[in-house]
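Engineer: Build me a model from this:
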Amino acid sequence: MFDHLDGDEYTVLAPPSPLRGVAADAAYTAAVIDQLEGPVVLVGHSYSGCVITVAGVSDKVAGLVYVAGFAPDDGGFLWISRPDSRHSRNLAERQELALVIFDSTARPAERQALYVEAVAEQLDGERCDAAVARFSEHSVADDLAPLSVDAVTGSGPFRMYHAAVTAAFMLEDERDFRIPVGL
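Structural biologist: Have a look, this model is predicted:
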């Protein structure tokens, strides 16, 4: 991703992740954000998607991009976020959202993007427990600590969110026409 954007019209910065857990890594990323002039778009790959979700509470953050994230078994998307972050507040007002997913290994002129429309919700109860278990599977597989239910409920600093896909499509190259995609 860095190589694709570096040298174009964007200022690209790829700070290292200390890999000390989501909270510590997000605090480090937030400190980097504080030193930058906004607006900032954060891009997170795999585990770093969790980090940018937490660090993205800054008012300087205009958007979050998740690359090679993981999806729950129902084909939707899971993430954690602080309830007072901009995107969490936005979802409290309007649950509809849009995602764009593309192959960052292909040249920009050669790749296709998947456009997804979804409806998001904050999870609780058994659905939250199941999502935390699924989320933790990926953390442990990446040699990270598992997420606890206490971290996303009650007085915990985060909440667990799920987005259910309502439509997915690709764009036809020449006429910018939507082509439906079954997921």
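
Engineer: average model confidence for stretch 84-91?
Structural biologist: In this model, stretch 84-91 carries a mean pLDDT of 87.

Engineer: what's in contact with it?
Structural biologist: Contacting residues not belonging to stretch 84-91 are listed as 53, 56-57, 59, 61, 64, 81-82, 97, 120, 122, 159, 161 [CB atoms under 8 Å, 6 or more residues apart in numbering]. Bear in mind the C-beta positions are built from the backbone N, C-alpha and C, glycine included.

Engineer: CA atoms only: put that stretch into PDB for me.
Structural biologist: The C-alpha trace of stretch 84-91 is given here as PDB (Å, rounded to 0.1, in the frame of the first residue of the first chain):
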ATOM      1  CA  ASP A  84     -17.000   8.200  21.900                       C
ATOM      2  CA  SER A  85     -15.000   8.000  18.700                       C
ATOM      3  CA  ARG A  86     -16.300   9.900  15.700                       C
ATOM      4  CA  HIS A  87     -17.200   6.800  13.700                       C
ATOM      5  CA  SER A  88     -19.000   5.300  16.600                       C
ATOM      6  CA  ARG A  89     -21.000   8.500  17.200                       C
ATOM      7  CA  ASN A  90     -21.800   8.600  13.500                       C
ATOM      8  CA  LEU A  91     -23.100   5.000  13.600                       C
END
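
Engineer: Help me confirm that A167 comes into contact with P180.
Structural biologist: Yes: A167 is within contact range of P180, at 7.3 Å (criterion: CB atoms under 8 Å).

Engineer: Comparing those two, which shows the higher neighbour count?
Structural biologist: Neighbour count, other CB atoms under 10 Å: between A167 and P180, A167 has more, with 13 against 8.

Engineer: Am I right that that one sits in a strand?
Structural biologist: Yes: judged by DSSP: H, G, I helix; E, B strand; the rest coil, A167 forms part of a strand.

Engineer: what separates it from Y66, distance-wise?
Structural biologist: A167 sits 18 Å away from Y66, going by CB to CB, to the nearest Å.

Engineer: and what of Q35?
Structural biologist: 23 Å.

Engineer: Which one's more surrounded, those two?
Structural biologist: Ranked by neighbour count (other CB under 10 Å), Q35 and Y66 place Y66 first, with 21 against 8.

Engineer: now the residue most central in space within the chain, what's its secondary structure?
Structural biologist: In the chain, the centroid-proximal residue (CA atoms, centre = their mean) is Y66; its distance is 4.2 Å. Three-state call for Y66 (three-state DSSP): strand.

Engineer: measure it to V41 for me?
Structural biologist: On the measure of CB to CB, Y66 and V41 end up 12 Å apart.

Engineer: okay, now T53: neighbour count?
Structural biologist: T53: 25 surrounding residues under other CB under 10 Å.

Engineer: actually S58, not the one I wrote
Structural biologist: 18.

Engineer: I'd like the distance between it and E37.
Structural biologist: Distance of S58 to E37, given as CB to CB: 12 Å.
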